[in-house]
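> could you look at this predicted model? Sequence included:
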Amino acid sequence: MPTELRGLTSTEVAERVAAGKVNTLPSRSGRSTWDIVRANVFTRVNGILFVLFCLVVVTGHLLQGAFGLLIIANSIVGIVQELRAKRTLDNLAVVGEAHPIVLRDGERRRISRDEVVLDDLIAVAPGDQVVVDGAVVAADYLELDESLLTGEADPVAKRPGDPVLSGAYVIAGTGTYRAEKVGADAYAAQLTEQAAKFTLVSSELRQGINKILRIVSYLLFPVGALAIYVQFNQPDTTWQESVLRMVAVLVPMVPEGLVLLTSMAFALGIIRLGRRQCLVNELPAIEGLARVSVVCADKTGTLTQNAMTLGEIIDLTDDPDRTRRILAQLVAADPAPNASMQAIAEAIDPAAEPWQMTARAPFTSAKKWSGISFTNGEGHWVLGAPDVLAGGGRLVRRAEEISATGRRVLLLAECQTRVDSPDAPGPLSPIALLVLDQLMRPDAAETMAYFQDQGVELKVISGDNAASVGAVTRSLGVKIGDVIDARTLPAPSEEFDRLVDEADVFGRVTPEQKRQMVDALQSRGHSVAMTGDGVNDVLALKDADLGVAMGSGAPATRAVAQIVLLDDRFATLPHVVAEGRRVIGNVERVAKLFLTKTIYAITLALVIGLMGLPNPFLPLQMTVVGWFTIGIPAFLLSLAPNRERARPGFVWRTLAVAIPGGLIVAGAAIITYVVTRGFGDVSDKAETQASTATLIALIMTATWVLSIVARPYHWWRLGLVAFAYGFYFLVFFLPFARRLLELDISDPYEITFGVVAGLIGMGLVELTWWVTKAIRRERPRIWAQRKDAIA
């Protein structure tokens, strides 16, 4: 090895480590422990509840401030779950990240990216990602893809002295570069900070919740101001009682658990998937796969295992020994063999006396062949796809017949020009067909059957021979139509989009075509997931709605994918789907409950305030209702399995339940309060009796909202609703509970009215649910009729 490529010595490395010139990168999960604690304690919701709690404390009625426990609960649950998610992300990210090879003391060593120091020499081969900024010191036909940095997909040739930025990745050739910027100075620091960050940014679910909360916040201020004014202007009322009733108005308006349970659901998703060796680089990916309507799977490395074996050499000459000698020379001359060359190398030992090489053309997915030129008349040799190199004829038909059995076929041929000339390979003399056997992933058939059962379209997109791809797909039990050779596809157009949408299996697809196919499917309204493991999948993985990479794949694919299957188990994807559906479906249920509470609280405050009546409830009463009708059921619902496929329209569906439900609950409570209390001044006993009847109507109606949100029923969901009603029955039945909550059931007329109002409210909630369900079922048909009318 030349002196200049011996790399740093151990002493020089130690000096740089001591000087802090190490590639120290931000936390893989994006936030420190203190950031997590601060973000979960100092929230807007906690701030509002804390101020209201302090007001209750001033009155001396500490028990009425029980809602203050929500501050502690919100903070502890949020901190614990996010710290668990952070630990899971950090541990998995160490496994999934790139481990560069450095030259030190004249030896190659594989280290973690955090151990790279300034001036390290880093060796790269196809599929490797550039981990720090630097300059090339040696290049052997080195080509980089810098699309992650520039957006341009064309390969960039690199020569000694050329700069390289972290984020680029090698698509052909080999090389070595010197680390010139490490740690926070390198572009890698920015990539790492964004890659595995625990965040809800760009989540459709999160955006929907924020939109709803923004609307609610606009209503809180004027209604809250009205409530404060009315409660402090009630005649013959102490300031302590006014404060308590004002707090009782404001506390239920705050959807205190909605954001917490949303974050917790995502955090639990991270933890559950982490147990299955599934690294989630971007949190919204959990819900992303649940929304997917099309899964595009690469064949090699996804449906089949990466490893191949050389099954047969079909010699096309009269000298099979010469064929093996040529293959031995090609094995010896390839410094970075791909999977096909590795299979050949396992069957044929490298030549003991290598020929001198004059030119080399590394394999790329775009041209689908590689070649080497030797001196002294040893010839120019190419190895690649028969249908690409030979074009047509009997030889190609023979290769096609073999490919139709699911095996991979390569053509070894001699060309007349140097392999690096512009017109290479030119006219060829076929030497042999090499037949490679591919092993199926044992879980591929079951996984593909799962997606088909779930109504998710499957498309196999591969750079391999179309016949071979079709045979492999059929062997997995997947029903497919015609297999399309991507070379016959038109340029991106309406016709291209149609063909991609209608067909299921594509062969001879270039990396750029894979990206175009993803774009075509997205243009037709599909949410697209792309799975892959090779450098040729990077562009499509980056543009897909959800990119899924295999852990054993190229570092570049793991860097751009939102989800990495570290154990290479394709069967993990159904669990990701299930987790995404659990998160989306259950958060939607939770949102319906919390927003129903907010809407009925705002409506009560507004109407009661405009009437000039005192608030009928005390803080402790609202706290109990909030916990046992909303909080605890919502917590349990957020953890349950959910197999419903995610659909767009989260905000509409949530408000379609929350608005009518909240208005009906408020209406039942207001009518009961006005009828049982009346207007004007009343005695404290009459006030308490009217409040009790009003609370009964509110509880019965609000708990029925819980019953429709919990559908479809399972035994435990029925038990949840039954427990809520049973708990409230005990609250009104047991004397000590009545004293604690200041309830009075001594007037049978008022109690009966409250029960009847509650039953009517329950019926109206049920009726609204059926009407909304019918409208939702009819909407697609109505939209289709409108489109037909317009057409």
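Here it is on my side, so go on.

> confirm that L412 sits in a strand.
Yes: per DSSP: H, G, I helix; E, B strand; the rest coil, L412 lies within a strand segment.

> contact partners for A157?
By C-beta atoms under 8 Å, 6 or more residues apart in numbering, the contact list for A157 reads L142, E143. (Each C-beta comes from the backbone N, C-alpha and C, glycine too.)

> and it, how far from D128?
A157 sits 16 Å away from D128, taking C-beta to C-beta, to the nearest Å as the criterion.

> what of K542?
For K542, the distance to D128 equals 17 Å [C-beta to C-beta].

> quick one, which of the two is more surrounded?
Ranked by neighbour count (other C-beta atoms under 10 Å), K542 and D128 place D128 first, with 24 against 20.

> so in terms of bridging, what pairs with the closest residue to that one other than its chain neighbours?
For D128, ignoring the flanking residues on the chain, the nearest one in space by C-beta to C-beta, 6 or more residues apart in numbering is V170 at 5.0 Å. Going by DSSP bridges, V170 is paired in beta bridges with L144.

> can you give me the strands for the stretch 201-350 of the chain?
Using DSSP state E, counting those that start in this stretch, the strands of the stretch 201-350 of the chain run over residues 278-280, 294-297, 304-315.

> who are the packing partners of the shortest one?
Of the remaining helices and strands, those touching strand 278-280 by 3 or more C-beta pairs under 8 Å, 6 or more residues apart in numbering; DSSP states H and E are helix 69-96, helix 258-275, strand 563-565, helix 572-611.

> buried set for the next helix or strand after the first one?
Counting by DSSP states H and E, the next helix or strand C-terminal to helix 69-96 is strand 101-104. Neighbour-count burial for strand 101-104, with 16 or more other C-beta atoms under 10 Å as criterion, is recorded at V102, L103, R104.

> list the contacts for the last one?
Going back to what we said before, that points to R104. Applying C-beta under 8 Å, 6+ apart, the residues near R104 are G7, L8, T9, S10, V13, D120.

> likewise the first one?
V102 makes contact with G7, R108, R109, I111, V116, D120, L121, I122, A123, according to C-beta under 8 Å, 6+ apart.

> where does the third one land in three-state SS?
Using three-state DSSP, the structure places R109 in strand.

> what's the burial count for it?
Neighbour number of R109 under other C-beta under 10 Å is 14.

> pLDDT wise, what is it at?
Among the per-residue scores, R109 holds a pLDDT of 92.

> does it touch I101 like I think?
Yes: under the contact definition of C-beta atoms under 8 Å, R109 touches I101, with a separation of 6.9 Å.

> mind putting the buried residues of strand 101-104 in a markdown table, distance to Y728 and pLDDT included?
Output for those, formatted as a markdown table (distance: C-beta to C-beta, whole Å; pLDDT from 0 to 100):
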| residue | distance to Y728 | pLDDT |
| --- | --- | --- |
| V102 | 67 | 94 |
| L103 | 73 | 92 |
| R104 | 71 | 92 |
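
> ok, these vs E742, which is closest?
V102 (72.7 Å; C-beta to C-beta).

> distance of that closest one from S10?
Taking C-beta to C-beta, one finds V102 at 12 Å from S10.

> next one: V657
Counting by C-beta to C-beta, the gap from V657 to S10 is 66 Å.

> those two: which is more packed in?
The residue with more neighbours, out of V657 and S10, is V657; 23 against 9, by other C-beta under 10 Å.

> give the contact list for that one.
K592, T596, V705, I708, V709, W769, T772.

> how about the first one, nearest residue that isn't a chain neighbour?
Meaning K592. Nearest non-adjacent residue to K592 (C-beta to C-beta, 6+ apart): V657, at 4.5 Å.

> mind listing the helices for the stretch 251-400 of the chain?
Using DSSP state H, counting those that start in this stretch, the helices of the stretch 251-400 of the chain run over 258-275, 285-291, 320-333, 339-347, 386-389, 394-403.

> look at the nearest residue to K459 once chain neighbours are set aside and report its pLDDT.
Sequence neighbours aside, C296 is the residue nearest to K459 in space, at 4.8 Å (criterion: C-beta to C-beta, 6+ apart). On the pLDDT scale, C296 is placed at 91.
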